[in-house]
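*Asks:* Have a look; sequence and predicted model below, questions after that.
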Amino acid sequence: MTIVRPGEIAFTSARRSGLWRAWDEVRQVTRVEQVASEYTVVEVECGPKLADSSPGQFLMIRPLNERYMVRRPFTVFDADAHRNVVSIVFRVTGVGTAALARLRAGDRVSVLGPLGNGFEIGSDTQRAVLFARGAGMASLYKLALSCLSKRVQTIVLLSARRPDLWLAERELRVAGATVVAVDDESGSSNLDRVAQMAEPWFGEVPCEAYVCGSARLLQLATVLGNRYGRPVQAALEAPMACGIGTCHACPVGRLTDTEGDLVCIDGPIFRARLREPELVPA
Ligand SMILES: Cc1cc2nc3c(=O)[nH]c(=O)nc-3n(C[C@H](O)[C@H](O)[C@H](O)COP(=O)(O)OP(=O)(O)OC[C@H]3O[C@@H](n4cnc5c(N)ncnc54)[C@H](O)[C@@H]3O)c2cc1C
Ligand code: FES
């Protein structure tokens with residue numbers, strides 16, 4: 001297995017998302033729940049457009065009483081278009097997520113969404129291979145359900161530090177996905193072992209790979225995608241302030257004087273492939 005170095009993966013955007021599709025609203029929290037040891041699910045009421053968002057699209061959210069807090073970006077984890085609610089799931093990593101974890105049912109939040117471009121499922125795709133690490137499953141859960149509803153065989157490689165941190169493992173199995181759960185504690189998440197397991201998934205039938213939450217799993221997916229000619233899509237993250245392309249805080253790659261794609265409006269879902277080797281003059 002060849003492991004590529006950072007910078008050897010190229011990200012391309014299918015299109016720039018249209019801002020007219022996003023709604024800026026004040027809504028009520030309907031449920032707050034702790035799941036898989038470290039994660040908090042916050043469910044909020046929403047309009048039909050947000051409830052109907054595509055897998056991989058995201059929203060910006062802050063508690064309404066946190067007047068000076070910039071809204072934080074989260075993928076729509078799950079949605080119920082009958083009840084008009086969406087949920088996000090996250091781990092507390094700083095002040096924003098700590099404030100969101102303190103929310104209770106009935107509290108009000110400021111929500112903007114749906115934002116960005118979602119995942120695409122190719123019409124000839126027979127198998128979807130999803131690679132998720134930790135909270136990365138939050139971005140892939142709705143995609144897994146969507147693949148299953150299209151009768152696409154869905155394999156989820158769920159990686160975490162410990163088994164109790166496997167997010168949505170049971171729900172994915174119940175929905176019909178094949179879940180291969182690995183963890184650091186037992187050593188089953190070792191990249192060589194994962195690579196050996198995953199390689200046949202790419203070779204057998206037309207498949208598409210989707211990755212979130214791990215640079216190493218993204219490297220593995222792009223190497224296998226390159227070897228078998230299979231497309232790879234990745235959900236990228238960057239610190240964001242606006243989510244709509246105006247603050248320019250979220251370039252793909254490093255901030256430089258020339259700007260390429262922005263994660264918020266050109267992504268957050270990008271096609272990922274190994275870069276062609278550059279010709280060096282002799
Ligand atoms: C499109 C998108 C979707 C996301 N979906 C989810 C999700 O579903 N679940 C989830 O748990 N998280 C998700 N994130 C990440 C989440 O937005 C950040 O963890 C959150 O904003 C951190 O806020 P904070 O105030 O708690 O932490 P901060 O105090 O702002 O930051 C804590 C630490 O995390 C770093 N950080 C902050 N934001 C990001 C970021 N976006 N990417 C990488 N590092 C960051 C900071 O540099 C700092 O080291 C998503 C991010 C993006 C861009
Ligand atoms: S978050 Fe402001 S431009 Fe992307």
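*Replies:* Received it, and whenever you're ready, just let me know what you need. Residues are numbered from 1 along each chain as shown. Ligands and ions are numbered 1, 2, ... in the order given.

*Asks:* And for the residue of the stretch 1-150 of the chain found nearest ligand 1, the neighbour number?
*Replies:* Closest residue of the stretch 1-150 of the chain to ligand 1, Cβ to the nearest ligand atom: residue 94 (2.1 Å). Using the backbone N, CA and C atoms, a C-beta is placed for each residue, glycine as well. Burial of residue 94, expressed as a neighbour count using other Cβ atoms under 10 Å, amounts to 8.

*Asks:* quick one: it from residue 72, how far?
*Replies:* When Cβ to Cβ, to the nearest Å is applied, the distance between residue 94 and residue 72 equals 9 Å.

*Asks:* now swap in residue 157 and tell me
*Replies:* In this structure, residue 157 and residue 72 are 27 Å apart, going by Cβ to Cβ.

*Asks:* cool, residue 92 as well?
*Replies:* If you measure residue 92 against residue 72 using Cβ to Cβ, the figure is 11 Å.

*Asks:* When the two are compared, which one has more neighbours?
*Replies:* For residue 92 against residue 72, the residue with the higher neighbour count under other Cβ under 10 Å is residue 72, and the figures read 22 against 15.

*Asks:* With adjacent residues omitted, what lies nearest to the more buried one?
*Replies:* In space, residue 72 comes closest to residue 96 once its chain neighbours are excluded; the distance is 4.2 Å by Cβ to Cβ, 6 or more residues apart in numbering.

*Asks:* what's the one you found in contact with, if anything?
*Replies:* Shown in contact with residue 96 (Cβ atoms under 8 Å, 6 or more residues apart in numbering): 62, 69, 70, 72.

*Asks:* list the contacts for residue 157?
*Replies:* Residue 157 makes contact with 129, 130, 131, 132, 180, 182, 194, 197, 198, 217, according to Cβ under 8 Å, 6+ apart.

*Asks:* Any of the residues you listed buried? List them.
*Replies:* 129, 130, 131, 132, 180, 182, 194, 198, 217 (16 or more other Cβ atoms under 10 Å).

*Asks:* where does the first one land in three-state SS?
*Replies:* In other words, residue 129. The three-state label given to residue 129 by DSSP: H, G, I helix; E, B strand; the rest coil is strand.

*Asks:* hang on, the earlier thing: now, among the buried ones among the contacts of residue 157, which is nearest to residue 241?
*Replies:* For these, the residue nearest residue 241 by Cβ to Cβ is residue 132; the value is 26.2 Å.

*Asks:* tally of neighbours for the closest residue to the closest one other than its chain neighbours?
*Replies:* Excluding its sequence neighbours, the residue lying closest to residue 132 (Cβ to Cβ, 6+ apart) is residue 140, at 4.9 Å. The tally of other residues near residue 140 (other Cβ under 10 Å) stands at 30.
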